[in-house]
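Undergrad: Please work out how this folds:
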Amino acid sequence: MTARRHSRLDLGARAKVEPKKKPLKSRRPAKANKSVKFNAVLRVKLVGGALALGLMSLFSRAYHLQILGGAQWDDAARRQAVTSSTIQAKRGGIRDRNGAEMAISVDVDSIYAEPRRVPDAKDAAAKLAPVLGLDRHKLEEQLGSDRAFVYLRRKVSPEAARAVRELAIPGVGAQAEAQRFFPNRELAAHVVGFTDLEGHGQAGVEKRFEPTLEGKSYEVPGLRDALGRAVWSEGYVPQAILEGDDVILTIDSSIQRAAEVELELAVKDQDATAGIAIVMDPKQGDILAMASWPSFNPNNLAGVGPNEQLNRAVSAVFEPGSTLKMVTIAAGLEEDKIAPETAIDCENGKWRVANRTIHDTHKYGLLSVGEVMKVSSNICSAKMGFMLGAPLLHSYLEKFGFGQPTGIELPGEVGGLLRSADRWREIELANVAFGQGLNVTPLQILRAASIIANGGMRVEPRVVLGTADKTGEMTEGTRPEPVRVLSAETAAQVRDMMAEVTTKGGTAESAAIPGFAVAGKTGTAQKIDPVTKAYSRSLYVASFVGFVPADRPEAVVLVMIDEPKKAIYGGVVAAPAWKAIATAALAARNIFPSDPAAQAEFLATAALPKGLPKSLSPAAAKVLGETEVVAVEVEAAAPMIEGSRKMPDFAGLPLREVLNRSAEVHCDLVLRGTGRVVKQTPRAGEGLDTGQRCELELSPRG
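TA: Coordinates of the predicted model:
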């Protein structure tokens, strides 16, 4: 108790004794405290401001991306993640009038790479370079790029594609692409045309009918994975739905081949610069053949230039020369300025007009109009031009179609040059009357001749019969209605005069065809010297245009040889080739002489397609005019080893081809009927004995 009380007292005493402590005062001045507070506030404001600016920038960027540039970035994202593949339709074919394929599309391989998937670009390039025939360093550059897809080489050979597949390089492969193929090589190349690497038409019918041939393309959507590979989300459309339509030409391949062969022979024989040959049905305007030399192979355009690609039949112009005299004479007859028996003084070979002298190749006195046509007098033709006068002659030239394109379905056709009549001086009127002073295309000359051949109607030429879809349904092309230019009487009178040109004493005796009357007109036109700008004494265009049979024309043919070196006259240079082509055209259309003796001579002529036996008996000719069973003796083309002969396959061949192929056998050939072969005995490939009987049955519906 005492102790506790003492403790309390003691504590109290202490409390009383110890003085009361005063609180310690801060050693910092008052101003320092205020500074600290200010700094803290400032830091808060700065951080807040920075955050505000950041948020504003973020919102601004978001607004820019989402609102202002949203569409752009959305499109970029789609391009990166979404892909598509355009399925190109198979291109339609081009066929001749008999169904023979002139242009088709075939699948070939193209080598591609996906560089992102190629593990070692250097090693892959080293392996691929010798296979593809490409530079190794360029390949390495392509394979090492960051691209998703790249073609290494387009449309390679099957061997190259097979070698690439065998290498099995990741990211490198082969895929099929359509390639245009022309099975007949140079045949009708200027008409058919060609395509580029992508399969688009660049010339000829390929270009003119591009929308029809190309078909419909289809885009298949898909997605890209992380490696850029396409993952298709939809299936492919059947190819048949997309395929383009076929284009059916008026061309007859057999006539076309004969025209090209004979034209090339004529050009080379004369060491000429170029040549043109055209064959047309005068009633329908169908172009049966159109050849231009030099030519080219559309399967291989390496080294082919504009000179080879130029279709001179429609894109080159020449002065017509004496072929135009048929128009001058026809106009004079139609306008009753002259009659067939009208006599005209040819001035003994020289006639002065203004300050120029017109010459004839021979000295002639009085000649009838028919004789003027036959000997091709320039002087008498000029006088007929003066009888007509410039306005009237000009109007007939326009009616015949000069100075304007024919409208044929080929690109690059030109209209020529026919100056206005009010610009013709006296000498120009004389020149035009015999074929100088105007420029025309070969096709225009052919069209003019067809007017006389068909009885006075101008029928526009065409090279396309129509188009056919994949069901076989044919759509015929449209063309202008025929226009009457001459009366039938005038056309017949001119035909009779032109038929004299190929008889004895005419300028084209070498154009005569056994068994037929041939009507035509020669032309020998001087060219303008490119240096002197005057008529050259060494540069000429030799031509012959005509039709056969003269009394019922089935084919109008033009042959034109540019700058021949050995001779210059149309009757010498162009007429022999004309005869060969016209004979082939008649044979191809199953038109033969009615007289048996003329048939034999017709068949023996060099005008028939190459390979047809030249030495045939009269019995061989007789079969062409009869439908009963006829035995035909055919000479063997060359001695054959016993036991080596086999029966050829004649199935589907026309009669003219049968005679052609029959040179391969040595048997007694017996034919029944006409048309195409539907049955043969022995069968194709069976052995033949010398003198064995070979029977062929033909039918018009074969």
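Undergrad: residues touching the closest residue to E140 other than its chain neighbours, list them.
TA: Among residues not flanking E140 along the chain, A125 sits closest, at 3.8 Å (CB to CB, 6 or more residues apart in numbering). For glycine as for every other residue, the C-beta is placed from the backbone atoms N, C-alpha and C. By CB atoms under 8 Å, 6 or more residues apart in numbering, the contact list for A125 reads R136, H137, L139, E140, L143.
Undergrad: Next, the buried residues of the helix or strand where A125 lies.
TA: Taking DSSP states H and E as the criterion, A125 maps to helix 121-132. For helix 121-132, burial by neighbour count (16 or more other CB atoms under 10 Å) applies to A121, A124, A125, K127, L128, A129, V131, L132.
Undergrad: Which pair of these spans the longest distance?
TA: By the measure CB to CB, A121 and V131 form the most distant pair in the buried residues of helix 121-132, at 15.7 Å.
Undergrad: For G385, see how far away R91 is.
TA: Noted for R91: a distance of 51 Å to G385, by CB to CB, to the nearest Å.
Undergrad: cool, K527 as well?
TA: If you go by CB to CB, the gap between K527 and G385 works out to 22 Å.
Undergrad: Name the residue in these two with the higher neighbour count.
TA: G385 (24 against 16; other CB atoms under 10 Å).
Undergrad: ok, that one touching V432?
TA: Yes. At 6.6 Å, G385 and V432 qualify as touching, with contact defined as CB atoms under 8 Å.
Undergrad: Between those two, which contacts overlap?
TA: L393.
Undergrad: hang on, the earlier thing: give me the mean pLDDT for the helix holding A125.
TA: Average pLDDT, helix 121-132: 91.
Undergrad: on contacts alone, who are the packing partners of the helix or strand just after that helix?
TA: As assigned by DSSP H and E, the chain's next helix or strand after helix 121-132 is helix 136-143. Judged by 3 or more CB pairs under 8 Å, 6 or more residues apart in numbering; DSSP states H and E, the packing partners of helix 136-143 are helix 121-132, strand 150-156.
Undergrad: still on that earlier bit, most neighbours among the contacts of A125, please name it.
TA: L143 (24 neighbours).
Undergrad: Next, N297: secondary structure please.
TA: State at N297, reduced to three classes by DSSP: H, G, I helix; E, B strand; the rest coil: coil.
Undergrad: Surely it touches A188?
TA: No. Assessed by CB under 8 Å, N297 is found out of contact with A188, at 11.9 Å.
Undergrad: Of the two, give the one with the bigger neighbour count.
TA: Using other CB under 10 Å, the more surrounded residue of N297 and A188 is A188, with 31 against 16.
Undergrad: what's that one in contact with, if anything?
TA: Contacts of A188 by CB under 8 Å, 6+ apart are D96, M102, L249, I251, S253, Q256, A289, M290, A291.
Undergrad: Output the contacting helices and strands for the longest helix along the chain.
TA: Secondary structure of the chain per DSSP state H: the longest helix is helix 30-63. Using 3+ CB pairs under 8 Å, 6+ apart, no helix or strand is in contact with helix 30-63.
Undergrad: from the middle of its chain, how far away would that helix be?
TA: Mean C-alpha position of helix 30-63 versus that of the full chain (CA atoms, centre = their mean, to the nearest Å) differs by 78 Å.
Undergrad: ditto for stretch 94-113
TA: Per CA atoms, centre = their mean, the centroid offset for stretch 94-113 relative to its chain is 14 Å.
Undergrad: what comes up buried for it?
TA: Those would be 94-97, 100, 102-105, 108-113, for stretch 94-113 by 16+ other CB under 10 Å.
Undergrad: Next: stretch 682-692.
TA: For stretch 682-692, using 16+ other CB under 10 Å, the buried residues are L688.
Undergrad: ok, the residue nearest the centre of the chain - contacts?
TA: Ranked by distance to the mean C-alpha position of the chain (CA atoms, centre = their mean), the top residue is G193 at 1.5 Å. By CB under 8 Å, 6+ apart, the contact list for G193 reads G201, Q202, A203, G204, V205, E206, K207, R208, P298.
Undergrad: Does M290 fall in a helix, a strand, or a coil region?
TA: In three-state terms, and counting by three-state DSSP, M290 is strand.
Undergrad: How much space separates it from I248?
TA: Applying CB to CB to M290 and I248 gives a distance of 15 Å.
Undergrad: higher neighbour count, the two?
TA: More neighbours surround M290 than the other of M290 and I248, with 31 against 23 (other CB under 10 Å).
Undergrad: and the more buried one, what pLDDT?
TA: For M290, the predicted pLDDT is 98.
Undergrad: How about L51?
TA: Per-residue confidence for L51 comes out at a pLDDT of 83.
Undergrad: same deal with V205?
TA: The model's pLDDT for V205 equals 97.
Undergrad: Go ahead and report the secondary structure state at it.
TA: helix.
Undergrad: And for it, the neighbour number?
TA: Neighbour count of V205, defined by other CB under 10 Å: 26.
Undergrad: same deal with M56?
TA: 10.
Undergrad: Can you tell me how far it is from L132?
TA: M56 is 58 Å from L132, by CB to CB.
Undergrad: lowest confidence element among the helices and strands of this protein?
TA: strand 630-632 (a mean of 33; mean pLDDT, DSSP states H and E).
Undergrad: so how far is stretch 357-371 off the chain centroid?
TA: That offset, for stretch 357-371, works out to 44 Å (CA atoms, centre = their mean).
Undergrad: Dump it to PDB, restricted to CA.
TA: The C-alpha coordinates for stretch 357-371 follow below in PDB (Å, rounded to 0.1, in the frame of the first residue of the first chain):
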ATOM      1  CA  THR A 357       2.100  10.800-174.600                       C
ATOM      2  CA  ILE A 358       0.100   7.700-173.900                       C
ATOM      3  CA  HIS A 359       1.600   4.500-175.300                       C
ATOM      4  CA  ASP A 360       0.300   1.000-176.200                       C
ATOM      5  CA  THR A 361       2.600  -2.100-176.100                       C
ATOM      6  CA  HIS A 362       1.700  -2.700-179.800                       C
ATOM      7  CA  LYS A 363       0.600  -0.500-182.700                       C
ATOM      8  CA  TYR A 364      -3.100  -0.700-183.200                       C
ATOM      9  CA  GLY A 365      -5.400   1.100-185.600                       C
ATOM     10  CA  LEU A 366      -9.100   0.800-185.500                       C
ATOM     11  CA  LEU A 367     -10.300  -1.700-182.900                       C
ATOM     12  CA  SER A 368     -13.800  -2.700-181.700                       C
ATOM     13  CA  VAL A 369     -14.600  -2.400-178.000                       C
ATOM     14  CA  GLY A 370     -14.300  -6.200-177.600                       C
ATOM     15  CA  GLU A 371     -10.800  -6.100-179.300                       C
END
